[in-house]
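Enquirer: Give me a model of this one.
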Amino acid sequence: MEANQHIFLTGATGLIGQYLLRNFLLCKCSVTVLVRPTEHDSGRDRIEKVFDHFQLSGQLKDNLHIIEGELPYCKPDTTDRKKIAACNIVVHSAASLSFHKDARGEPWETNVEGTESLLQIATSLGVKRWIQISTAYVCGRQQGVVLEEPQSKSEPQNHYEASKRQAEEMIRNHPDLDWTILRPGIVVGDSQTGFTSTYQGIYRCLQSVAFLSKRIQIEDAGDRKMPLRFALSGNEQTNLIPVDWVAEAVTQLTLHADSSRKHFHLTPNAPITAKKLVDAVQEFYDISGIEFVGEETDISGKQNVFERIFERETKRLGPYFQNDPQFDRTTLDELCPHLKEVAIDDQFIKKLLTFAEDDQWAKSKRWKNNDSKRFNCKNFFEVYFPRAADDSQLVRIHDLNTRIGFEVTGEDGGLWVCELSRGNVKSISPTTHFTDKIDFLYKTDVTTLEEIVTGKISARDAFFKQRIDIQGDVERALLLSLLLEDLLREIPYQTETTSVKPLENICA
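Expert: Numbers count the residues shown, from 1 in each chain. Okay, here's the model as predicted:
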């Protein structure tokens, strides 16, 4: 293993990247990091948080150089270019994990354009050794055994896979590059502590169950049953892999002289099955009732509210449960025979869940905006909502009869009671207190409500991020949240000072 290298690292504040920063510094490498500043923190501030998390010695900063910038827009000045030119290895860990293309062009902007921009900068300064952190899922829809080789046979399942595949091709096809391509599986928290800094991917599924588990009724026998059915056998394998193991593999391969021009799958040697994963989750939350009803069973037209909520929250991840292939690790095992395996079992899953619950699924770290001065709750509840609901077919389709309470905290917030009769808004009015005659109560703040009605966040996302609390008839409340989301999509709310457009203009 070659130590004392000078590494140019991107993505150093990401989940994998922060472990790589720690590992490289502890291996006595010099590290130059490209860090994107945020609205609230400079690049240096963000790196300081990584040091604080790992309790790294301040002396290690002597081997650390920081460049502020964001790919693909980074244009290093003369000083920064000298820092990059002093490096002999690029470790490109920065990535967008978005499955769908958004208005900014992600994930293509970061994963392809960002890689191209970094490639131009590095090679122009003479840095030719390149470690690309890709994904095992560049294999797309391929089934069976996936080899450690270029992947182009099967169609990608989403924009994320397609963009990572294109980035790989760009790296392989560069005439002057000495490359290594590393392909992690589904990266989750630390094998020892459960720590994670992000709750995407598989965590969306886990968080959905966590949310729903807290809102199911205890039956007469004392059981807490969650009525969820999956059209799976339960034997499907899922390639979860802890971040610390991935980072150790990346570190070893980065510093290994024989890893050049090879592909490596950083995946578990014994993936967990869907049934074992679900069993661990049910035991952790002290629930039962989740069933595997077989791959041939069609439950799409017979879903209960819990199943509809879960599917809408996690449907993008479906292929990773239904069709997770077997990733060959021959090349990895040959070069890293002493890489210690981690058991992906029930205890590991419970460790991930324990950390997530203690962390409140990142709620404790979420930055909160000041209450909006543009959004007017009274206008939304007493003008837009009754007009839109009366004009929409969505609410009446479900023939709802219910009384709903809304408690909105913050400036211009308040209490409102809405009565639906056969899907029509019979009345909605402000109140000073709630009676026991309401069926359920939504509790949130002005900022969250504005983000929901203006489309910045979906109602279901707000629920799963614990920005809305529900009291009372949870099942009916969850159904109405989906209807509200569809209603806002059908008849968009317009924020113009403190008023909405007349309904007839909205629908024109």
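Enquirer: What are the contacting residues of the helix or strand harbouring Tyr203?
Expert: Following DSSP states H and E, one finds Tyr203 within helix 202-213. The set of residues external to helix 202-213 that reach it, using C-beta atoms under 8 Å, 6 or more residues apart in numbering, is 186, 188, 196, 199, 224, 226, 228, 238, 240, 281, 285, 287, 290, 306, 309-310, 313-314, 317, 320, 352-353, 356-357, 361, 463-464, 466. For the C-beta atoms, the positions are set from N, CA and C on the backbone; glycine is no exception.
Enquirer: In helices, which of those residues appear?
Expert: If you go by DSSP state H, the contacts of helix 202-213 have 281, 285, 306, 309-310, 313-314, 320, 352-353, 356-357, 463-464 in helices.
Enquirer: Output those in TSV; the columns should cover neighbour count.
Expert: Below are the ones in helices among the contacts of helix 202-213 laid out as TSV (neighbours: other C-beta atoms under 10 Å):
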residue	neighbour count
Val281	22
Tyr285	19
Phe306	22
Ile309	24
Phe310	24
Glu313	21
Thr314	20
Tyr320	20
Leu352	25
Leu353	21
Ala356	20
Glu357	14
Phe463	23
Phe464	21
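Enquirer: Least confident of these?
Expert: Model confidence across those bottoms out at Glu313, which has 68.
Enquirer: And the strands in the stretch 351-500 of the chain?
Expert: 402-409, 414-421, 424-431, 440-445, 469-472 (DSSP state E, counting those that start in this stretch).
Enquirer: and Thr110, which of those is closest to it?
Expert: Proximity to Thr110, assessed across the strands of the stretch 351-500 of the chain by C-beta to C-beta, is greatest for strand 440-445 (31.4 Å).
Enquirer: Pull that closest one out as CSV, backbone CA atoms only.
Expert: Provided in CSV are the C-alpha atoms of strand 440-445 (Å, rounded to 0.1, in the frame of the first residue of the first chain):
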residue,chain,number,x,y,z
PHE,A,440,-58.6,14.4,13.7
LEU,A,441,-56.2,17.3,14.1
TYR,A,442,-53.3,18.5,11.9
LYS,A,443,-50.6,20.4,13.8
THR,A,444,-47.9,22.3,11.9
ASP,A,445,-46.3,25.7,11.5
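Enquirer: let's have the chain start at 40 instead
Expert: Will do, 40 is the new start, and the previous item becomes strand 479-484.
Enquirer: what pairs with it, and is each one parallel or antiparallel?
Expert: Strand pairing for strand 479-484, determined by DSSP bridges: strand 441-448 (parallel), strand 508-511 (antiparallel).
Enquirer: What about Phe138, how many residues nearby?
Expert: Using other C-beta atoms under 10 Å, Phe138 is surrounded by 16 other residues.
Enquirer: gap between the residue lying closest to it once chain neighbours are set aside and Phe503?
Expert: Leaving aside its sequence neighbours, Phe138 sits nearest to Asn197 (C-beta to C-beta, 6 or more residues apart in numbering; 4.2 Å). Using C-beta to C-beta, to the nearest Å, we find Asn197 at a distance of 20 Å from Phe503.
Enquirer: Then Lys417?
Expert: 28 Å.
Enquirer: next one: Glu152
Expert: Distance from Glu152 to Phe503, by C-beta to C-beta: 31 Å.
Enquirer: How confident was the prediction at Lys407?
Expert: 39.
Enquirer: meant to ask about Asp259
Expert: At Asp259, the pLDDT recorded in the model is 53.
Enquirer: Likewise for Phe414?
Expert: pLDDT, read off for Phe414, is 79.
Enquirer: my guess is it meets Leu488, correct?
Expert: Yes: if you go by C-beta atoms under 8 Å, Phe414 and Leu488 touch, sitting 7.3 Å apart.
Enquirer: Can you give me the domain assignment for the protein?
Expert: 45-400, 416-529 (the TED database).
Enquirer: Mean pLDDT lowest where, among those?
Expert: domain 416-529 (a mean of 80).
Enquirer: Off-centre distance for that one?
Expert: Computed by C-alpha atoms, centre = their mean, to the nearest Å, the chain-centroid distance of domain 416-529 equals 26 Å.
Enquirer: what do you get for stretch 175-188?
Expert: The answer for stretch 175-188 is 22 Å, by C-alpha atoms, centre = their mean.
Enquirer: Go ahead and produce CSV holding the CA coordinates of it.
Expert: Once non-C-alpha atoms are left out, stretch 175-188 reads as follows in CSV (Å, rounded to 0.1, in the frame of the first residue of the first chain):
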residue,chain,number,x,y,z
ALA,A,175,-23.0,-0.8,-8.5
TYR,A,176,-26.3,0.1,-10.1
VAL,A,177,-24.8,1.3,-13.4
CYS,A,178,-25.8,-2.3,-14.4
GLY,A,179,-29.3,-1.0,-14.8
ARG,A,180,-32.0,-3.7,-15.2
GLN,A,181,-29.5,-6.6,-15.6
GLN,A,182,-30.3,-9.7,-13.7
GLY,A,183,-28.2,-12.5,-12.3
VAL,A,184,-24.5,-12.1,-11.7
VAL,A,185,-23.0,-8.6,-12.6
LEU,A,186,-19.3,-8.7,-13.3
GLU,A,187,-16.7,-6.1,-12.4
GLU,A,188,-16.5,-4.7,-16.0
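Enquirer: residues contacting the residue most central in space within the chain?
Expert: Note on the chain: the residue nearest the mean C-alpha position is Gln239, at 1.8 Å, using C-alpha atoms, centre = their mean. By C-beta under 8 Å, 6+ apart, Gln239 lies in contact with Leu136.
Enquirer: who's sitting farthest from the centroid in the protein?
Expert: The chain, farthest from centre, C-alpha atoms, centre = their mean: Lys465 at 39.3 Å.
Enquirer: so which strand or helix has Thr219?
Expert: strand 217-223.
Enquirer: Name every strand pairing with that strand and say which way it goes.
Expert: Here, using DSSP bridges, strand 217-223 pairs with strand 168-172 (parallel), strand 302-305 (parallel).
Enquirer: For the lengthiest helix in the chain, which helices and strands make contact with it?
Expert: Using DSSP H, we find that the single longest helix of the chain is helix 513-529. Helices and strands touching helix 513-529, by 3 or more C-beta pairs under 8 Å, 6 or more residues apart in numbering; DSSP states H and E, are helix 344-353, helix 424-430, helix 433-436, strand 441-448, strand 479-484, helix 485-492, helix 498-503.
Enquirer: C-alpha coordinates for it, CSV please?
Expert: The C-alpha trace of helix 513-529 is given here as CSV (Å, rounded to 0.1, in the frame of the first residue of the first chain):
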residue,chain,number,x,y,z
VAL,A,513,-54.9,8.8,11.6
GLU,A,514,-56.0,6.6,8.7
ARG,A,515,-58.6,9.2,7.5
ALA,A,516,-56.1,12.0,8.1
LEU,A,517,-53.5,10.2,5.9
LEU,A,518,-56.0,9.8,3.2
LEU,A,519,-56.9,13.5,3.3
SER,A,520,-53.3,14.4,3.1
LEU,A,521,-53.0,12.6,-0.3
LEU,A,522,-56.2,14.4,-1.5
LEU,A,523,-54.8,17.7,-0.4
GLU,A,524,-51.6,17.0,-2.4
ASP,A,525,-53.7,16.1,-5.5
LEU,A,526,-56.0,19.1,-5.0
LEU,A,527,-53.0,21.5,-4.9
ARG,A,528,-51.7,19.9,-8.1
GLU,A,529,-55.1,20.2,-9.8
